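Sequence plus predicted model, see below.
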Amino acid sequence: MRNLKLFFLAIIAVPFLTGCGYNRMVELEENIDAQWSQVENVYQRRADLIPNLVNTVKGYAEHEQETLQAVVEARSKATGINLSADQLNEQTLQNFQKAQEGLSSALSRLMVVVERYPDLKANQNFRDLQAQLEGTENRIAVERRKFNEATRAYNTYIRKFPRNIMAGIFNFEPRPYFEAEEGASEVPEVQF
């Protein structure tokens, strides 16, 4: 008799669970996790390029130690934040993004310093590293966009009725987005 009750309960529960989108929520959540892995991959690629870039610049710009040290420290902070996709929330993503922005800022300052060294800019190894870094920055933008798209699809799905009820029962929580860097909406002032 007990098995019969479980059987009827399963017959009722399976259509309810699948009809309310539980499996789809799992798929969408897994997609976010996969996209987060891609975001981490491209940020790691950037971090891996930096020691070679710093060493190349160091050979030409010995008295720029402060700038080089700032890049090394920013890289250390950025690579020191390791998040798995299930640890993502507004605060952890904000901390991660802040560390990455610090590294981007330090790299920008380094590129300004490089302008003072024509021999360095002519160095093929430096040019190759610079091109790889530029390509990586583009990849970062692409992967962040894809992550936000996956997050939007998931967040939208779990908020719609009646799936929002199922999401609440099974603790499917909204995921945070990457946001534009602070000051990105301000137009830079250019003076000639």
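Thanks, I have it. Numbers count the residues shown, from 1 in each chain.

Can you pull the poorly scored residue ranges out of this structure?
Residues of the chain meeting the criterion pLDDT under 70: 1, 6-19, 181-192.

Please name the nearest non-neighbouring residue to the residue most central in space within it.
For the chain, the residue nearest the mean C-alpha position is residue 39 (4.1 Å; C-alpha atoms, centre = their mean). Distances taken as C-beta to C-beta, 6 or more residues apart in numbering place residue 143 nearest to residue 39, at 4.8 Å, with adjacent residues excluded. Placement of C-beta: from N, CA and C, glycine included.

Can you give me the buried ones in whichever strand or helix holds residue 146?
Per DSSP states H and E, residue 146 falls inside helix 124-159. The neighbour-count criterion (16 or more other C-beta atoms under 10 Å) identifies 126, 129-130, 132-133, 136, 139-140, 143-144, 147-148, 150-151, 154-155, 157-158 as the buried residues of helix 124-159.

Give me the three-state assignment for residue 83.
Under DSSP: H, G, I helix; E, B strand; the rest coil, residue 83 falls in the coil class.

what residues are up against it?
Neighbouring residues of residue 83 by C-beta atoms under 8 Å, 6 or more residues apart in numbering: 36, 40, 92-93, 96.

Check the residues you listed for burial and list the buried ones.
Judged by neighbour count, with 16+ other C-beta under 10 Å as the criterion, the buried members of those are 36, 40, 93, 96.

these two touch, right, the first one and residue 146?
No. With contact taken as C-beta atoms under 8 Å, residue 36 and residue 146 are classed as non-touching, separated by 10.1 Å.

Stretch 46-57: how far from the chain's middle?
Distance of stretch 46-57 from the chain centroid (C-alpha atoms, centre = their mean, to the nearest Å) equals 20 Å.

Which residues in that stretch does the neighbour count mark as buried?
Across stretch 46-57, burial judged by 16+ other C-beta under 10 Å covers 46-47, 49-50, 53-54, 56-57.

do the same with stretch 92-112
93, 96-97, 99-100, 102-104, 106-107, 109-110.

rewinding a little: which pair in the buried ones among the contacts of residue 83 spans the largest distance?
For the buried ones among the contacts of residue 83, with distances taken as C-beta to C-beta, the pair at the greatest spread is 40 and 93 (12.1 Å).
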